[in-house]
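K.L.:
give me a 3D structure for the following:
(one chain, ligands or ions: 1)
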Amino acid sequence: MPPTLTINSPIVNLPPELFAKFCSYLSPNDLFKLSKVCRKFYCYLSAPNSFSTQQIWKKSRLTFMGHVWSPPPKGMNEKRYVELLITNLGCEICNISKHCKIYWAFGVRCCSECFNEKTVADIMDYPQELIDIMPFYNKYGDKYYWKEQLDLELNQYTSISHGRLSNLKSWLDDKKNIFDSRMKYAQTKQTSRSRFWLYHNFLTPRRDLRFLFRPIYSAYDCPPFPQS
Ligand SMILES: [Zn+2]
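P.N.:
Here you go, the predicted structure:
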């Protein structure tokens, strides 16, 4: 929620270029704190279509979260991407639990309790052609869907299905493209996590093998190999 406070201070009246320069020295955490100071800063730092705003977040990510060099998923802006990556902020649903995980298929960072509350595995009541394209999270072999997302898409599906059939097909194709890309991104992140885990648990003492795996790791979000 945007802050309502209006501050009468010289710093609030900085020209946008100077404000951007000032922000370029701040970490993602500090940028979030700054965005909560007053309405003006919030607007500066939360404009989804502003190139300079998105560049501020991107620069902060690359400077302070050096191991995360992969770009955000298609359709997600830099601010949202960085927000998701700050896992020490905890669950963004309940704002209580600090043990949370990023579910890239849904674009959400939440704790297991909120995951259980917000997702559904039994979705017999939804049209199959809609289910077939929806992003899901695979847990113990079952597909879990984000309920709010399902309902949102179902509303659109229902209203479009009352019109021309070709419109519905085109809408389903567009959605499928978006969701396929999101699932692919989630899969890449999962693979990256698995390789990170493998590297740190099995390959750490085997420097000869780590050397062989270097080109693979370098393609994902892993920290640089330690130098000796
Ligand atoms: Zn939670």
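
K.L.:
who in the protein is up against the ion?
P.N.:
Of all the residues in the chain, those in contact range of the ion (CB under 5 Å from the ion) are Cys91, Ile93, Cys94, Ser97, Cys111, Cys114. (Glycine included, C-beta is placed from N, CA and C.)

K.L.:
biggest separation within the residues you listed, which pair?
P.N.:
In the residues of the chain next to the ion, the most distant members under the criterion CB to CB are Ile93 and Ser97, with 8.9 Å between them.

K.L.:
identify the contacts common to those two.
P.N.:
Common contacts of Ile93 and Ser97, defined by CB atoms under 8 Å, 6 or more residues apart in numbering, comprise Cys111, Cys114.

K.L.:
okay, strands next: where are they in the chain?
P.N.:
With DSSP state E, the ranges of strands along the chain come out as 101-103, 108-110, 119-120, 137-139, 142-146.

K.L.:
out of these, nearest to Phe41?
P.N.:
Of all the strands of the chain, strand 108-110 comes closest under CB to CB, at 22.9 Å.

K.L.:
for that closest one, what is the average pLDDT?
P.N.:
Strand 108-110 shows an average pLDDT of 95 in the prediction.

K.L.:
what's in contact with it?
P.N.:
84, 87, 89, 91-94, 100-103, 118, 146.

K.L.:
present those as JSON lines; the columns should include neighbour count, distance to Asp180 and pLDDT.
P.N.:
As requested, these are exported to JSON lines (neighbours: other CB atoms under 10 Å; distance: CB to CB, whole Å; pLDDT from 0 to 100):
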{"residue": "Leu84", "neighbour count": "19", "distance to Asp180": "20", "pLDDT": "92"}
{"residue": "Thr87", "neighbour count": "13", "distance to Asp180": "26", "pLDDT": "85"}
{"residue": "Leu89", "neighbour count": "16", "distance to Asp180": "29", "pLDDT": "85"}
{"residue": "Cys91", "neighbour count": "21", "distance to Asp180": "27", "pLDDT": "95"}
{"residue": "Glu92", "neighbour count": "16", "distance to Asp180": "25", "pLDDT": "94"}
{"residue": "Ile93", "neighbour count": "17", "distance to Asp180": "26", "pLDDT": "95"}
{"residue": "Cys94", "neighbour count": "13", "distance to Asp180": "30", "pLDDT": "95"}
{"residue": "Cys100", "neighbour count": "22", "distance to Asp180": "26", "pLDDT": "92"}
{"residue": "Lys101", "neighbour count": "15", "distance to Asp180": "22", "pLDDT": "93"}
{"residue": "Ile102", "neighbour count": "17", "distance to Asp180": "19", "pLDDT": "94"}
{"residue": "Tyr103", "neighbour count": "21", "distance to Asp180": "17", "pLDDT": "95"}
{"residue": "Lys118", "neighbour count": "18", "distance to Asp180": "22", "pLDDT": "97"}
{"residue": "Trp146", "neighbour count": "23", "distance to Asp180": "16", "pLDDT": "96"}
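
K.L.:
quick one, what contacts Asn167?
P.N.:
Listed by CB under 8 Å, 6+ apart, the contact partners of Asn167 are Ile160.

K.L.:
what separates it from Lys176, distance-wise?
P.N.:
Look at Asn167 and Lys176: by CB to CB, to the nearest Å, they are 15 Å apart.

K.L.:
try Phe51
P.N.:
With distances taken as CB to CB, Phe51 is found 29 Å from Lys176.

K.L.:
and these two? which has more neighbours close in?
P.N.:
Lys176 (14 against 8; other CB atoms under 10 Å).

K.L.:
quick one, grab the pLDDT at Tyr220.
P.N.:
Among the per-residue scores, Tyr220 holds a pLDDT of 40.
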